[in-house]
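# What would the 3D arrangement of this be:
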Amino acid sequence: MKMKSITITLLAIGIFGLSAVTPGHAALPGLAIYAHTDRASYSPGDTGTLFLTVRNQGTSAFTIKNVTVTYPWKAFITDHWEGNFTSTIALQALAAGQTYNNQYSFTVPNDVRAVNSVFGQTISISVGTSEPSPTGTYTSGGANIQYTVPTYQPLTLASSALPIVEIVLLGATVAMLALVFMGIRKLSKK
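The predicted structure is shown next:
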């Protein structure tokens, strides 16, 4: 009897564990997210535009309630988050084959948050729908973004004063050589 209760307990724990790992909301079938930026790459401080298209490729209608955009440079700055936002939409209903289009402006930060990698970065997009009721679903998508590495050359002695000193020394050398040449020509021939 004791062995039977252990088996039932382990089975109950396993079922509970699987239900805890399984997501409570899945992507809505037929919802497709297409997104791209207006340029191929950006420098720190540049502004750009993210173009978003949500298309209903399924057979049943659904209603978009919000769009969440998270940029790769998302960070907590002092007292707020920067680099992400949620746009609440006035319940945009999409029938089969219809699309929802929008565009969002952004600015690439000047600090180290805009770190590029060999494979680029991804702008994460999540579209929330009202179906199935009451909780709705969230479908994820993304857009690639490339930005250049921020570079600068600090002002140093080698980059500013040294070339000026070289030009002055070269000018003085040419003047000395000219004086020597003119002095040699004036010497009397014996």
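# Every contact and neighbour count from this point should use C-alpha atoms.
Fine.
# quick one, what contacts the residue nearest to the spatial centre of the chain?
Nearest residue to the geometric centre of the chain (Cα atoms, centre = their mean): Pro72, 3.7 Å. Residues counted as contacts of Pro72 (Cα atoms under 8 Å, 6 or more residues apart in numbering) are Gly83, Arg113, Ala114, Gln121, Thr122, Ile123, Ser124.
# Quickly find the element holding it.
For Pro72, the host element (DSSP states H and E) is strand 62-77.
# got it, and Gly141?
strand 137-145.
# Next secondary structure element downstream of that strand?
Using DSSP H and E, the helix or strand that follows strand 137-145 towards the C-terminus is helix 157-186.
# Export only the CA atoms of the strand holding Gly141, formatted as PDB.
Taking C-alpha atoms only, strand 137-145 is exported to PDB below (Å, rounded to 0.1, in the frame of the first residue of the first chain):
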ATOM      1  CA  THR A 137      -2.500  35.700 -26.600                       C
ATOM      2  CA  TYR A 138       0.900  37.200 -27.400                       C
ATOM      3  CA  THR A 139       2.700  36.500 -30.700                       C
ATOM      4  CA  SER A 140       6.400  37.400 -30.900                       C
ATOM      5  CA  GLY A 141       8.300  38.700 -33.900                       C
ATOM      6  CA  GLY A 142      11.400  40.800 -34.600                       C
ATOM      7  CA  ALA A 143      13.400  42.900 -36.900                       C
ATOM      8  CA  ASN A 144      17.100  43.000 -37.400                       C
ATOM      9  CA  ILE A 145      19.100  46.200 -36.800                       C
END
